[in-house]
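Student: Next one to model:
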Amino acid sequence: MLRFHFTPEDLTRLRIATAPHPLWEIAASLHRFQTQEGRWAYAPWYRTARSVLCGTGLDRMVRTVLLPLFPRAHYFPDFLTPADGIAGLDAGLESILAAPARQVAQEVTKLREIVGAPAWTRKLTDGGMRDQLVRALRAYHHAVITPYEECLDGRLHAERARQTRTLCGTGIEGVLNTLAPSIRWRPPVLELGRYPTEGDIHLGGRGLLLIPSYFCWNTPVSLADPDLPPVLLYPLHHPPPAPQHAAGHAPLHALLGSTRTGILRAAAIGATTTEAARHAGVTPTTASHHTTVLRDAGLITSHRHANTVLHALTPLGASLLQQDGWQRIP
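Tutor: Numbering: from 1, shown residues only. Okay, the predicted model is just below:
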């Protein structure tokens, strides 16, 4: 578990990124190649990205250069996701080139000790080798993320609108309590329950930058060095893709009924009881009854905050939606 300790001043300095952070999205998207978790949510992107990388010959560069530096593990170097990246890809890449050699050496050594990394990573203290890395990052971003920038921008805009609505309705406490199912606000501490390491970050008046991420799945991510400007990358909710029912297979509503199917699909992007009711075309009271049934069946989880309950899919629920005509990419 990771804990962010807030002071009153930190609450006034809580911010939400106004645009996607391209280097964090690069890191999170590379993690999508290293696990089956949540693959259904990224199936179209994954299929296209794999094809583009193979077709352009970038697949070898990804395997030998990028994946070793961005392992899906509890550590990868902080200098690869600099704060300046919030201003865009060019600014972020310039910051990587300008990173102090001492910081790069320390972080690469830590990567080698904790996760393991090729011997060539020692040369990243050299400007020439880092320039090659920057070119690789730019090529990867252009190939598999740039085509999705409109989607990323739209999802982030929707998330900021959601957070604005939450802020107006329930204040900062509401914002911190609805970031992701694994994040809990226990004043004055923000707890990341599924974090792979144990740690405490005392903000001390520095505030916290929240970065919603399209490619981050399930588990929030933060910088390893607590002395760097504090950031928290958290996952956006993903709606399941439109179903294409295979011949001979009954659709999901034949099993659950149309109302529970609608509520289950609403939970795939995170929904309150009222939002689930609207999605399924029923009253909130009726929706509450069906969410209880779905929760008891292990298909959704529900988390209460004040008078609001947020519903989200469990892995079993996501698997059931996938079987309703969505094919898993191996």
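Student: what about the closest residue to Tyr75 other than its chain neighbours, distance to Ala73?
Tutor: Among residues not flanking Tyr75 along the chain, Ile114 sits closest, at 4.7 Å (C-beta to C-beta, 6 or more residues apart in numbering). Placement of C-beta: from N, CA and C, glycine included. For Ile114, the distance to Ala73 (C-beta to C-beta, to the nearest Å) stands at 7 Å.
Student: Also Arg155?
Tutor: 26 Å.
Student: Which of these two has more residues huddled nearby?
Tutor: Arg155 (19 against 13; other C-beta atoms under 10 Å).
Student: Please, which helix or strand holds that one?
Tutor: helix 149-177 (DSSP states H and E).
Student: What are the buried residues along that helix?
Tutor: By neighbour count on 16 or more other C-beta atoms under 10 Å, the buried set for helix 149-177 is 152, 155-156, 159, 162-163, 166, 170, 174-177.
Student: Could you do stretch 95-104 as well?
Tutor: Neighbour-count burial for stretch 95-104, counted by 16+ other C-beta under 10 Å, picks out 95-96, 99, 104.
Student: Between those residues, which sits nearest Thr56?
Tutor: Nearest to Thr56 among those, counting by C-beta to C-beta, is Ile96 at 22.2 Å.
Student: Distance check, the residue nearest the centre of the chain against Leu236.
Tutor: In the chain, the residue lying closest to the centroid (C-alpha atoms, centre = their mean) is Cys216, at 2.0 Å. Cys216 is 8 Å from Leu236, where distance means C-beta to C-beta.
Student: same thing with Ala254?
Tutor: Distance, Ala254 to Leu236, by C-beta to C-beta: 30 Å.
Student: Can you pick out the residue with more neighbours from these two?
Tutor: Leu236 (20 against 11).
Student: Isn't the more buried one up against Arg155?
Tutor: Yes - between Leu236 and Arg155 there is a contact under C-beta atoms under 8 Å: 5.5 Å.
Student: Common neighbours of the two, please.
Tutor: Common neighbours of Leu236 and Arg155, counting by C-beta atoms under 8 Å, 6 or more residues apart in numbering, are 212, 214.
Student: before we move on, back to that, quick one, phi psi at the residue nearest to Tyr75?
Tutor: Per-residue torsions, Ile114: phi -90, psi -40 (degrees, to the nearest 10).
Student: Helices of this structure, start to end?
Tutor: 8-12, 22-32, 43-56, 59-61, 67-69, 89-98, 101-114, 127-144, 149-177, 252-256, 258-267, 273-280, 284-296, 315-323 (DSSP state H).
Student: Let's have those helices in a markdown table, adding distance to Ile183 and mean pLDDT.
Tutor: Shown next, in a markdown table, are those (distance: least, C-beta to C-beta, whole Å; pLDDT from 0 to 100):
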| stretch | distance to Ile183 | mean pLDDT |
| --- | --- | --- |
| helix 8-12 | 16 | 96 |
| helix 22-32 | 16 | 96 |
| helix 43-56 | 25 | 93 |
| helix 59-61 | 34 | 96 |
| helix 67-69 | 27 | 96 |
| helix 89-98 | 25 | 96 |
| helix 101-114 | 24 | 96 |
| helix 127-144 | 27 | 96 |
| helix 149-177 | 7 | 86 |
| helix 252-256 | 29 | 73 |
| helix 258-267 | 17 | 85 |
| helix 273-280 | 19 | 82 |
| helix 284-296 | 20 | 90 |
| helix 315-323 | 18 | 77 |
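Student: Export these as JSON lines, with columns for distance to Val309.
Tutor: Listed next are those as JSON lines, based on distance: least, C-beta to C-beta, whole Å:
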{"stretch": "helix 8-12", "distance to Val309": "24"}
{"stretch": "helix 22-32", "distance to Val309": "28"}
{"stretch": "helix 43-56", "distance to Val309": "29"}
{"stretch": "helix 59-61", "distance to Val309": "44"}
{"stretch": "helix 67-69", "distance to Val309": "39"}
{"stretch": "helix 89-98", "distance to Val309": "38"}
{"stretch": "helix 101-114", "distance to Val309": "39"}
{"stretch": "helix 127-144", "distance to Val309": "37"}
{"stretch": "helix 149-177", "distance to Val309": "12"}
{"stretch": "helix 252-256", "distance to Val309": "20"}
{"stretch": "helix 258-267", "distance to Val309": "11"}
{"stretch": "helix 273-280", "distance to Val309": "5"}
{"stretch": "helix 284-296", "distance to Val309": "8"}
{"stretch": "helix 315-323", "distance to Val309": "16"}
